[in-house]
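>>> Pasting the sequence and the predicted model now:
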Amino acid sequence: MADVAAAAGVGRATVYRYFPTRQALLERLAAIAVRDAGARLAEAQLDRVSPEEGVTRAVRALLEVGDYFTVLARERIRPDADEYDDRLVAPLRRLFTQGQVTGGFRDDITVEWLTNALVDLVASVVASRPALGRDDTVAAISGLFLDGARRRGAPAPERAQAV
């Protein structure tokens, strides 16, 4: 709590006025993380682009709030399950379902598995703090994920190279 107060430029008493316990602070952080991730995924308009481009946009959106989720994972805090599913998981499921329907993504792996794999991959990269710029990180994660998620024998689409 002292670190939070110092980062916010307020006294510890002020932090405790809004968050009586450390748990209350972390639960609020979880709610903000899910809300922000959901908003960024909605702004990415995943349903208006190809599934491959959708993955890249989803990775970019998740990276923007990745630090929140890193803290929550480290502290073993779970966001509200319904909110997490509605705002974060559901758009990704739709993306992977569309990718399977159009034949670009493997159908021998469930949509749930693909969704969890992408979220976990982004979280693990954020936690490792790669020495890449944001665009290079997006390209690396997207490429790694898509190469594994792509239907076997399907040609790789042209992707813009990060500069």
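That came through fine. Note that the coordinates shown come from a computational prediction; the quantities given were computed from them, not determined experimentally.

>>> Pick out the residue closest to the middle of the chain.
residue 62 (2.9 Å; Cα atoms, centre = their mean).

>>> Flag the shaky bits of this structure, pLDDT-wise.
By pLDDT under 70, the weakly predicted segments of the chain are 153-163.

>>> let's see 90
Within the chain, the ranges that satisfy pLDDT under 90 run 1-30, 32-33, 64-81, 120, 123-134, 148-163.

>>> And what about the residue nearest to the centre of the chain, helix, strand or coil?
helix (DSSP: H, G, I helix; E, B strand; the rest coil).

>>> what residues does stretch 67-85 touch?
26-27, 29-37, 62, 123, 126-127 (Cβ atoms under 8 Å, 6 or more residues apart in numbering). Just so you know, the C-beta spots here come from the backbone N, C-alpha and C atoms, and that holds for glycine as well.

>>> Would you mind checking which of those is nearest to residue 100?
Of all the contacts of stretch 67-85, residue 100 sits closest to residue 62, with 20.3 Å by Cβ to Cβ.

>>> my guess is that closest one meets residue 119, correct?
Yes: Residue 62 is within contact range of residue 119, at 6.8 Å (criterion: Cβ atoms under 8 Å).

>>> What helix or strand is the closest residue to the residue nearest to the centre of the chain other than its chain neighbours located in?
Leaving aside its sequence neighbours, residue 62 sits nearest to residue 122 (Cβ to Cβ, 6 or more residues apart in numbering; 4.4 Å). Assessed by DSSP states H and E, residue 122 sits inside helix 111-128.

>>> How about that helix, which residues are buried there?
Using 16 or more other Cβ atoms under 10 Å as the test for burial, helix 111-128 gives 111, 114, 115, 118, 119, 121, 122, 123, 125, 126.

>>> who does whichever helix in the chain runs longest touch, helix- and strand-wise?
The residue-count maximum for a helix in the chain (DSSP state H) belongs to helix 22-43. Counting contacts by 3 or more Cβ pairs under 8 Å, 6 or more residues apart in numbering; DSSP states H and E, helix 22-43 packs against helix 51-64, helix 66-75, helix 81-84, helix 90-101.
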